[in-house]
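J.: Sequence plus predicted model, see below.
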Amino acid sequence: MRRIPLSAIIGMILTGAFILSALLADFIAPYGMAEVVGDVWEPISADHWFGTDTIGRDMLTRMIYGGQTTILVAAAATMISFGTGSVFGFLAATMGGWIDQAMSRFVDLLMAIPSLILALVILSVMPATLTTLILVMGFLDATRVFRLSRAVAVDITVMDYVEAARLRGEGWRWIIFREILPNALSPLVAELGLRFIFAVLFISTLSFLGLGVQPPLADWGGIVKENSAGLVYGKSAALIPAFAIAALAISVNLVADWVLSRTTSLKGGRGA
């Protein structure tokens, strides 16, 4: 613990608190997610630590369940984006030739269209379910992971140990998972934190625009939208989820920076 910087410890504590509250939402939430327990926009009190929202629901309860949905969707979308983007990026760099060109140009085509606009178009014509939302976010974000993983893999594929593996007759699966992946962990770990935060911001934006998480489920972006009118009357209900999004982004980035510093020794190292 003495070797872990204070910033990383703070990031771990905050990130762990967010994840733990999401996992234990059903046990720690004081009220039901959609239960009306008071008047509109009640102030902070012993009964309502964060006050109430636009229709009298407990804000602390909404924040806990909203965090559960936001973190779940963002984590699932991030796993999809990294699972598809990194594998296809490594595959393009390993195979080269027309396969690399075809995959790269297809990704360039998708990246030429703003992700938010493309997501809004897709979600406007598809069923508004969590599964659809996760898949759309995951595959759109996979284009960014593809570009990073391909760029890293291109430098690794010219290393002597990769050439030796090819001369031994190893297939592309061995080269990707035993030679390239272990030596590409450093930039991928750093990108993982950034992609997760981007997913949190993306789902929050979609929910604020009305095409993200749908009622009766709650997420932080939707809570901001529900209570945004209160800002005109000096109510702070819309600022609480915005602060939570910022706190989660900072804490995850603090941990990602520390993990990056710990894994830099893997960069350019010997493959398995």
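T.: Right, received. Where do you want to start?

J.: And the longest helix along the chain, what does it pack against?
T.: When the chain is parsed with DSSP state H, its longest helix is helix 59-95. Where contact means 3 or more CB pairs under 8 Å, 6 or more residues apart in numbering; DSSP states H and E, helix 59-95 is packed against helix 6-23, helix 25-28, helix 97-111, helix 130-156, helix 172-174, helix 185-208, helix 220-227, helix 239-263. All C-beta spots, glycine's among them, are computed from the backbone N, C-alpha and C.

J.: Comparing those helices by mean pLDDT, which bottoms out?
T.: Among the helices and strands packed on helix 59-95, helix 172-174 has the lowest mean pLDDT, at a mean of 77.

J.: quick one on the thing from earlier: now mean neighbour count and distance to Leu60 too, for the helices and strands packed on helix 59-95, in TSV please.
T.: Formatted as TSV, the helices and strands packed on helix 59-95 follow (neighbours: other CB atoms under 10 Å; distance: least, CB to CB, whole Å):
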stretch	mean neighbour count	distance to Leu60
helix 6-23	16	10
helix 25-28	12	9
helix 97-111	13	40
helix 130-156	20	23
helix 172-174	13	49
helix 185-208	22	19
helix 220-227	25	11
helix 239-263	18	9
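
J.: Without its sequence neighbours, what residue ends up closest to the residue positioned nearest the centre of the chain?
T.: The chain has Phe196 as the residue nearest its centroid, 2.1 Å off, counting by CA atoms, centre = their mean. What sits nearest to Phe196 in space, not counting adjacent residues and going by CB to CB, 6 or more residues apart in numbering, is Thr78, at 4.7 Å.

J.: got it, and Met126?
T.: Among residues not flanking Met126 along the chain, Thr132 sits closest, at 5.1 Å (CB to CB, 6+ apart).

J.: Next, the contact list for Ser104, please.
T.: Counting by CB atoms under 8 Å, 6 or more residues apart in numbering, Ser104 makes contact with Ala92, Arg150.

J.: if I look at Pro241, how far off is Ala229?
T.: Separation of Pro241 from Ala229 (CB to CB, to the nearest Å) stands at 15 Å.

J.: re the thing from before, wait, which of the helices and strands packed on helix 59-95 is closest to Trp41?
T.: helix 220-227 (7.8 Å; CB to CB).

J.: Let's test this: mean pLDDT of stretch 58-75, rounded?
T.: Here the average pLDDT along stretch 58-75 is 92.

J.: For that stretch, list the C-alpha coordinates in PDB.
T.: Coordinates of the C-alpha atoms in stretch 58-75 are reproduced here as PDB (Å, rounded to 0.1, in the frame of the first residue of the first chain):
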ATOM      1  CA  ASP A  58     -36.300  10.100  -2.900                       C
ATOM      2  CA  MET A  59     -33.200  11.400  -4.700                       C
ATOM      3  CA  LEU A  60     -30.800   9.200  -2.800                       C
ATOM      4  CA  THR A  61     -32.800   6.100  -3.900                       C
ATOM      5  CA  ARG A  62     -32.900   7.400  -7.500                       C
ATOM      6  CA  MET A  63     -29.200   8.000  -7.500                       C
ATOM      7  CA  ILE A  64     -28.400   4.500  -6.200                       C
ATOM      8  CA  TYR A  65     -30.600   2.800  -8.800                       C
ATOM      9  CA  GLY A  66     -29.500   5.200 -11.500                       C
ATOM     10  CA  GLY A  67     -25.900   4.400 -10.700                       C
ATOM     11  CA  GLN A  68     -26.600   0.700 -11.000                       C
ATOM     12  CA  THR A  69     -28.100   1.100 -14.400                       C
ATOM     13  CA  THR A  70     -25.500   3.600 -15.600                       C
ATOM     14  CA  ILE A  71     -22.500   1.500 -14.500                       C
ATOM     15  CA  LEU A  72     -24.100  -1.800 -15.800                       C
ATOM     16  CA  VAL A  73     -24.800  -0.400 -19.200                       C
ATOM     17  CA  ALA A  74     -21.400   1.400 -19.500                       C
ATOM     18  CA  ALA A  75     -19.400  -1.700 -18.300                       C
END
